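Participant: Fold the following and give me the result.
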Amino acid sequence: MQILAHRGIWLSPAEKNSRGALLSALESGFGIETDIRDLDGELVISHDMPGKNALLLKTLLEDYRRIGSTATLALNIKSDGLTLSLDNLLKEYGVSNYFCFDMSVPDMLHYIKQKVITASRISELEPEGILSKETAMIWVDGFNYLPYSIKDLMRWLTRNKSVCLVSPELHGRDPKILWTMLKQLPEALLNCPRLMICTDHPELAREFFK
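Facilitator: From the prediction side, this is the model:
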């Protein structure tokens, strides 16, 4: 199972999505989840509306290439209309281990058409449907509770889906609820690289699952 550091490795909320937090996660061998927007014709990293000092995505990609990382980049798309610019930038820096998610449904169709690696969403508010069948990857969230079971995870993984699970602490709940449940998976599936978890506590998760 791959562990993705949610907005990097950080101690205070102000450090989230900072260059240092993201680089620290990559250097520690974790994948990362980060947020992509546009500002004045550039792609930037920012969860909220970006300011003039927003971190450029190409700066992160330069760091990624410089340290020789091949970790997974989970790119949370916060603005529509970025498909071509993002695809070109990823190709320019030779990034192939990534996926994009959370864009609007109409915008997602452009990503799929452009053959950009895209994950559809499943949550208690977004049940399995046409889009989750269309994409080879799913981003599985639970805002108030876990809307899936071990049987669901096994079904998705045995059907060759890539699955990224949102750890409950991202919504203020105890992560051990999910983490303990995952240990019920057969060892081959728990160790499958197509299974990922996005967490605020990547180092604790590594220790828990090692």
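
Participant: Now the residue most central in space within the chain: phi and psi?
Facilitator: Centroid-nearest residue in the chain, with CA atoms, centre = their mean: A74, separated by 3.1 Å. When quoted as degrees, to the nearest 10, the phi and psi of A74 stand at phi -100, psi 110.

Participant: Chain neighbours aside, what residue packs nearest to it?
Facilitator: E33 (4.0 Å; CB to CB, 6 or more residues apart in numbering). In this view, the C-beta of every residue, glycine as well, is placed from N, C-alpha and C.

Participant: Next, count neighbours for D141.
Facilitator: Counted by other CB atoms under 10 Å, the residues lying close to D141 total 23.

Participant: could you list every residue that touches it?
Facilitator: D141 sits next to 121-123, 126, 166 when contact means CB atoms under 8 Å, 6 or more residues apart in numbering.

Participant: T59 - that's part of a strand, no?
Facilitator: No: applying DSSP: H, G, I helix; E, B strand; the rest coil, one finds T59 to be helix, outside a strand.

Participant: show me the contacts for it.
Facilitator: Neighbour list for T59: R19 [criterion: CB under 8 Å, 6+ apart].

Participant: Show me which pair in the contacts of D141 is furthest apart.
Facilitator: The widest separation within these, taken as CB to CB, falls between E126 and V166 and amounts to 12.2 Å.
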